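Asks: Next one to model:
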Amino acid sequence: MLKYKVQTKSSLIARTLTIVIFIISTILLISLWGVAWFSSLFLLGYIATFIYLFFSLKIKPFECLLSDDGLIDVKRPDRFIGSISAHSFYNRWIVFLCVEERDPLLINESSKHNKPKKWFVVFNDSIKEEDYRLIARLIIGARWT
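Replies: Residues are numbered from 1 along each chain as shown. Have a look, this model is predicted:
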């Protein structure tokens, strides 16, 4: 029975990571090309494009229902029913959630290794602490089964 609902909100870690990658790439472009009139025009265009994309891009929200035995029903971004895989990983800042498709209508599962899998990235600051601990507990439980 799916009894836990997990929803994400906007993540400060994701935004900070995006800005850091942009600053590093800008520094690399300046160090490779130097600063001249043509390269400065290119860099201004690069900065304007980044600002436009940064404010217009939306990270797809993640919403799912979970059960105590590792079953998961992903509602957003794509509808997917399955179980949490042992390939999932988490640390203090991010959760890489691997979900193996599970079809309840199949009687005999032919191969455990050929199941379709989907990966989801969930930042720690975008979910509640209880939900993060629940996902971490389910990942550890998936490794032991």
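Asks: Beyond the biggest helix by length in the chain, next helix or strand please.
Replies: Using DSSP state H, we find that the single longest helix of the chain is helix 12-33. On the C-terminal side of helix 12-33, the closest following helix or strand by DSSP states H and E is helix 37-56.
Asks: Just the C-alpha atoms of the next helix or strand after that following helix, please, in CSV.
Replies: Following helix 37-56 in sequence order, the next helix or strand is strand 63-66 (DSSP H and E). Presented in CSV, the C-alpha positions along strand 63-66 are these (Å, rounded to 0.1, in the frame of the first residue of the first chain):
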residue,chain,number,x,y,z
GLU,A,63,6.2,13.8,-7.1
CYS,A,64,5.7,10.2,-6.0
LEU,A,65,3.9,7.8,-3.7
LEU,A,66,6.0,5.4,-1.6
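Asks: Whichever helix or strand comes after strand 63-66 pairs with which strands, and in what direction?
Replies: Proceeding N to C from strand 63-66, the next assigned helix or strand is strand 71-76, under DSSP H and E. Here strand 71-76 is paired, per DSSP bridges, with strand 63-66 (antiparallel), strand 80-84 (antiparallel).
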